[in-house]
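**Student:** generate a structure from the sequence data that follows.
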Amino acid sequence: MNHSKRTKTVLGVTLAAALLALSACGGDDKDSDSKGTSEEPTSQESSEGSQQAGGPDLEGIPDVVAEVNGQEVTKDEFVPIYEAQFQQAAMQAQSGGEQPDQDALKKQIADSLVETELLVQEADKRGISATDQDVDDELSALAKQNQMTSVDQFLAALEKQGTSEDVVRSQVKTQVVVEQLVEDEAGAIKPTEAELRKIYDAAVQQQKKLGKQGGQQQTIPPFAKVKSQIVEQAKSDKQSRTAQALVAELRKGADIKVNL
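**Tutor:** Down below sits the predicted model:
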């Protein structure tokens, strides 16, 4: 894999930001021209929210944001991700009244870029890669999750939010590679019945506690009806812990320099 030509991702952070914007706009770009009076935030309103928050501070960002085992994380790679994340933070600030902490946000993104690079380098060592079909399959799943009728409609909606098809495909490919690496590291994840019951019981107890505290309590369906969802949650939790542990291990022997 040619690292110098690969668009890196903070585990899909730019794509995630674009998906959040899609959700805010109703998750559907059909008849978008006739929705100018919608109360949902448009991309222009989101941009205005960023400007009200002072706008992203791009001054002083070095050409090379970080170096990971000799591989550069460049300003060109960092800035689009930072701008996307800042826009989301600015939108949240409109309701919360607090300005985004830009220094903290920059550090978070730089650290995540470093971690992603470490994981991709490890995937390369293990001969793990993603095919075009893998990317297409993941895009199809994402389109379905966002209630789009096709991948083309999904990509067109992301394009309207400022994320090009090339960037989307690059980020999805990196995401698939990282997921395959985590699966390779964790092995087959088969939660036991006891583990699933423990997760379910914890959710039930949490809702009971919430009710006692006067909060809005949700009715949790019987275990059998939500078992498949709990299985997915258990797998996701295990994959997240595996990724965190792997990153911590890879950091130990890595040559990392962050220039922010």
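**Student:** any idea how far Gly253 is from Val120?
**Tutor:** Using Cβ to Cβ, to the nearest Å, Gly253 is found at 16 Å from Val120. All C-beta atoms are positioned from the backbone trio N, CA, C, and that covers glycine.
**Student:** swap in Lys257?
**Tutor:** Distance from Lys257 to Val120, by Cβ to Cβ: 18 Å.
**Student:** more crowded one of the two?
**Tutor:** Val120 (22 against 12; other Cβ atoms under 10 Å).
**Student:** that one is in contact with Val177, isn't it?
**Tutor:** Yes. Shown here, Val120 and Val177 form a contact pair, counting by Cβ atoms under 8 Å, at 6.2 Å.
**Student:** which strands and helices sit next to the helix or strand where Val182 lies?
**Tutor:** Using DSSP states H and E, Val182 sits within helix 165-186. Contacting helix 165-186 under the criterion 3 or more Cβ pairs under 8 Å, 6 or more residues apart in numbering; DSSP states H and E are the following elements: helix 13-24, helix 102-125, helix 132-145, helix 151-160, helix 223-252.
**Student:** packing partners of the longest one?
**Tutor:** The reference is to helix 223-252. By 3+ Cβ pairs under 8 Å, 6+ apart, helix 223-252 packs against helix 102-125, helix 165-186, helix 193-212.
**Student:** between those helices, which gets nearest to Lys227?
**Tutor:** In terms of Cβ to Cβ, the element of the helices and strands packed on helix 223-252 nearest to Lys227 is helix 193-212, at 6.4 Å.
**Student:** give me the mean pLDDT for that closest one.
**Tutor:** On average, the pLDDT along helix 193-212 is 90.
**Student:** how far does it sit from its chain's centre?
**Tutor:** Averaging C-alpha positions (Cα atoms, centre = their mean, to the nearest Å) puts helix 193-212 27 Å from its chain's average.
**Student:** what's the following helix or strand after the lowest-mean-pLDDT helix or strand in the chain?
**Tutor:** For the chain, the helix or strand with the lowest mean confidence is helix 43-52, at a mean of 45 (criterion: mean pLDDT, DSSP states H and E). Counting by DSSP H and E, the element after helix 43-52 in chain order, helix or strand, is strand 64-68.
**Student:** contacts only, for Leu139.
**Tutor:** Val151, Phe154, Leu155, Val168, Arg169, Val172 (Cβ atoms under 8 Å, 6 or more residues apart in numbering).
**Student:** who wins for neighbours among these?
**Tutor:** Most surrounded of the contacts of Leu139: other Cβ under 10 Å gives Phe154, at 25 neighbours.
**Student:** residue farthest from the centroid of this structure?
**Tutor:** Lys212 (34.1 Å; Cα atoms, centre = their mean).
**Student:** contact partners for Leu119?
**Tutor:** Applying Cβ under 8 Å, 6+ apart, the residues near Leu119 are Val178, Leu181, Ala243, Leu246, Val247, Leu250.
**Student:** most surrounded residue in those residues?
**Tutor:** Val178 (24 neighbours).
**Student:** once you drop chain neighbours, what's closest to that one?
**Tutor:** Leu119 (5.0 Å; Cβ to Cβ, 6 or more residues apart in numbering).
**Student:** quick one: that neighbour and Ser129, what's the gap?
**Tutor:** Leu119 is 13 Å from Ser129, by Cβ to Cβ.
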